[in-house]
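Visitor: got a predicted structure here, sequence first:
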Amino acid sequence: TGWKRDPSDKRLLVAPVPYALSERREFLTLVVGTNACPIAAVPGYGNPERGFLRTTAVFKAALKQGGGGFEPKPTDEELTTLPVDRSTLPAGVDLAKVDYASAWVDLWHMWSDSPCAVTSNNAAKGVLFLEQKPVWPPGMLNNIFELVNLREGLQEPGEWCLDRKRKEIVYFPRKGETPENIEASLSHLHSLAEVSNASRLTLKGLVFEGASAPFQNAGFGGPGLTAAFSIRGSHDLTLDGVQVRHVSGVGMKASGDRLAILNCDIGFTGGSALTLSGSENRVENTRLHDTGTSTHAAAICSLSGKELSVVGNKMWNAPYCGIILTGQHHLLASNEVWHVMRVLQDGGALYGGYDYCVIRDNYHHDLKALCFKGYGQSGYYADEGSHDNLFTGNRSENIGTAIHNHITRNNIHSNNVYIADGDLHVSFANSINGTFVDNACYYLGKFTYGEPAGYGEFARNRMFRGKKAGQPLRAYVKDGDGNWDLQPEGPSKPVVSLPV
């Protein structure tokens, strides 16, 4: 309540914050009507159409395998000093006039991001000094950043920011919205409900909406923020038709054994939609979507433990991965994942370190780098140490790297379909005894398969290349550079094998 026209900018509406603001920053979600509003940012929050701010910092270091940090290590000064490429600042943005009591910096890394408050600035030299140490130093593998939660970022209807000095909500109204008819909500609760140490319980049809989260790094995949709804240490518990939406942290965190998440809908979350750990848990016929309103590191979900069953779910719209999977003996079947990896790199519709899993009959599609080029996006990605997994009956469409096995062993990809509107790549990088057999590959560009030493068997795959899928199959030959590719002319052959 209390909306009025902003006297300094007639485009905007302002209203007093309906509760006492904490001295500590928070991630907040404004809901107007039934819509969660995007936070104002310069140039735009995860919006490549508005361009990017860039730092002139360059930090070169070797990444240690397995997330072991950098060599050499950055100094505190290198971590907290952000020199700005002022040529990337949009017109009307003056670093000396930005309200840093409200705004913060979000540094983009390759597979994570870092929200950092600004303690001071040297506007004459274009340097910002950061309060928090980012996960990676500025200029390490990526030089993109954003200024978030500031009036200068209010460029499109529906966007908003919080003016902490004036204790006001500032909103760019959509067509037809006026101070008299606008209905809005802003929650400052970090947690809406928690179930602890429960058993043999069914929760059906509950709706959780509106929650804030502390201002902090969200961790890999976005599970580190507080959850609107939590289940801890429970077993034999069923959630049926539960909805969680419009929250600034994680939608739902659940840990325990034999938990069943059925027919649920979790979306419009600041972190990941769902984190789930334990044994013999199930996620079925559930919609997980629209994550990352607080952090670009957000995946759709992070799943861990043993004997997890994830069947018949739909997952879409995330700045980072679809599913981050760890643990053993899982079943992932008949899931559809699309429009993930919208901001960051080196991940996939499915990503993780997992063993003895069956991944079958899934459909992953339409992953494209919208913001910057980096380590790429994959449809089915098994990372360091993954082993003895079976991928069969799956489909990948419009994903350049259909499969990526990195430092793995004994993974089998059989009877899958891979479709690309350009080049198609499969990979067993630094891997042992990979199997790629009886697959169908459709592509318009070139087919590449990475390091031959990673394959134990590459055989009986059907390759289609041309303007339309379904052209006659043609045999592989080596080109002048020693690479395998389809011969331009010659007899059709139904079986394709590579010597390994």
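Guide: Good, I have the coordinates.
Visitor: which stretches of the stretch 51-200 of the chain form strands?
Guide: 53-54, 62-63, 70-71, 81-83, 104-108, 113-122, 127-130, 144-148, 160-163, 168-171, 184-186, 193-196, 199-204 (DSSP state E, counting those that start in this stretch).
Visitor: buried sites along stretch 172-191?
Guide: Phe172, Pro173, Glu177, Ile182, Ala184, Leu186, Ser187, His188, His190, Ser191 (16 or more other C-beta atoms under 10 Å). (Each C-beta comes from the backbone N, C-alpha and C, glycine too.)
Visitor: buried sites along the helix or strand where Gly210 lies?
Guide: If you go by DSSP states H and E, Gly210 is part of strand 207-211. By neighbour count on 16+ other C-beta under 10 Å, the buried set for strand 207-211 is Phe208, Glu209, Gly210, Ala211.
Visitor: quick one on the thing from earlier: can I get the strands of the stretch 51-200 of the chain in TSV with distance to Cys357 and mean pLDDT?
Guide: Output for the strands of the stretch 51-200 of the chain, formatted as TSV (distance: least, C-beta to C-beta, whole Å; pLDDT from 0 to 100):
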stretch	distance to Cys357	mean pLDDT
strand 53-54	40	96
strand 62-63	26	74
strand 70-71	31	78
strand 81-83	41	97
strand 104-108	31	96
strand 113-122	28	96
strand 127-130	40	97
strand 144-148	34	96
strand 160-163	42	97
strand 168-171	46	97
strand 184-186	41	95
strand 193-196	28	97
strand 199-204	27	97
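Visitor: which among those strands is found nearest to Glu23?
Guide: Among the strands of the stretch 51-200 of the chain, strand 113-122 comes nearest to Glu23, with 12.2 Å by C-beta to C-beta.
Visitor: mind giving me the packing neighbours of the closest one?
Guide: Applying 3 or more C-beta pairs under 8 Å, 6 or more residues apart in numbering; DSSP states H and E, one finds that strand 113-122 contacts strand 104-108, strand 127-130.
Visitor: if we can go back for a sec, in JSON lines: the strands of the stretch 51-200 of the chain, plus distance to Asp265.
Guide: Listed next are these as JSON lines, based on distance: least, C-beta to C-beta, whole Å:
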{"stretch": "strand 53-54", "distance to Asp265": "35"}
{"stretch": "strand 62-63", "distance to Asp265": "37"}
{"stretch": "strand 70-71", "distance to Asp265": "40"}
{"stretch": "strand 81-83", "distance to Asp265": "39"}
{"stretch": "strand 104-108", "distance to Asp265": "28"}
{"stretch": "strand 113-122", "distance to Asp265": "26"}
{"stretch": "strand 127-130", "distance to Asp265": "37"}
{"stretch": "strand 144-148", "distance to Asp265": "27"}
{"stretch": "strand 160-163", "distance to Asp265": "24"}
{"stretch": "strand 168-171", "distance to Asp265": "26"}
{"stretch": "strand 184-186", "distance to Asp265": "19"}
{"stretch": "strand 193-196", "distance to Asp265": "16"}
{"stretch": "strand 199-204", "distance to Asp265": "13"}
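Visitor: can you say which of these is nearest to Tyr381?
Guide: strand 62-63 (17.1 Å).
Visitor: contacts for the closest one next, please.
Guide: Gly69, Phe70, Glu71 (C-beta atoms under 8 Å, 6 or more residues apart in numbering).
Visitor: can you list the buried residues of strand 207-211 in CSV and add pLDDT and distance to Tyr381?
Guide: Shown next, in CSV, are the buried residues of strand 207-211 (pLDDT from 0 to 100; distance: C-beta to C-beta, whole Å):
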residue, pLDDT, distance to Tyr381
Phe208, 97, 31
Glu209, 96, 33
Gly210, 94, 34
Ala211, 96, 31
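Visitor: nearest to Leu350 among those?
Guide: For the buried residues of strand 207-211, the nearest to Leu350 is Phe208 (27.0 Å; C-beta to C-beta).
Visitor: that closest one pairs with what?
Guide: Judged by DSSP bridges, the bridge partners of Phe208 are Val244.
Visitor: that one and Ala193 touch, don't they?
Guide: Yes. If you go by C-beta atoms under 8 Å, Phe208 and Ala193 touch, sitting 6.4 Å apart.
Visitor: overlap in contacts of these two?
Guide: Ala228, Phe229.
Visitor: in stretch 374-393, which residues are buried?
Guide: 374, 376-383, 386-387, 389-391, 393.
Visitor: how far off centre is it?
Guide: Distance of stretch 374-393 from its chain centroid, counting by C-alpha atoms, centre = their mean, to the nearest Å, is 16 Å.
Visitor: return that stretch as PDB; C-alpha atoms alone will do.
Guide: Presented in PDB, the C-alpha positions along stretch 374-393 are these (Å, rounded to 0.1, in the frame of the first residue of the first chain):
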ATOM      1  CA  GLY A 374      33.500 -20.500 -22.600                       C
ATOM      2  CA  TYR A 375      33.800 -24.200 -21.800                       C
ATOM      3  CA  GLY A 376      30.500 -25.000 -23.400                       C
ATOM      4  CA  GLN A 377      27.200 -26.700 -22.600                       C
ATOM      5  CA  SER A 378      26.400 -30.300 -22.900                       C
ATOM      6  CA  GLY A 379      23.300 -32.400 -23.000                       C
ATOM      7  CA  TYR A 380      24.600 -35.300 -20.900                       C
ATOM      8  CA  TYR A 381      27.800 -34.500 -18.900                       C
ATOM      9  CA  ALA A 382      29.600 -36.900 -16.600                       C
ATOM     10  CA  ASP A 383      32.500 -35.200 -14.800                       C
ATOM     11  CA  GLU A 384      35.600 -36.200 -12.900                       C
ATOM     12  CA  GLY A 385      35.500 -39.700 -11.600                       C
ATOM     13  CA  SER A 386      32.100 -40.700 -12.900                       C
ATOM     14  CA  HIS A 387      32.000 -44.400 -13.900                       C
ATOM     15  CA  ASP A 388      29.900 -47.400 -14.900                       C
ATOM     16  CA  ASN A 389      26.900 -45.400 -16.100                       C
ATOM     17  CA  LEU A 390      24.400 -46.400 -18.800                       C
ATOM     18  CA  PHE A 391      22.900 -43.800 -21.100                       C
ATOM     19  CA  THR A 392      20.300 -45.400 -23.500                       C
ATOM     20  CA  GLY A 393      17.200 -44.300 -25.300                       C
END
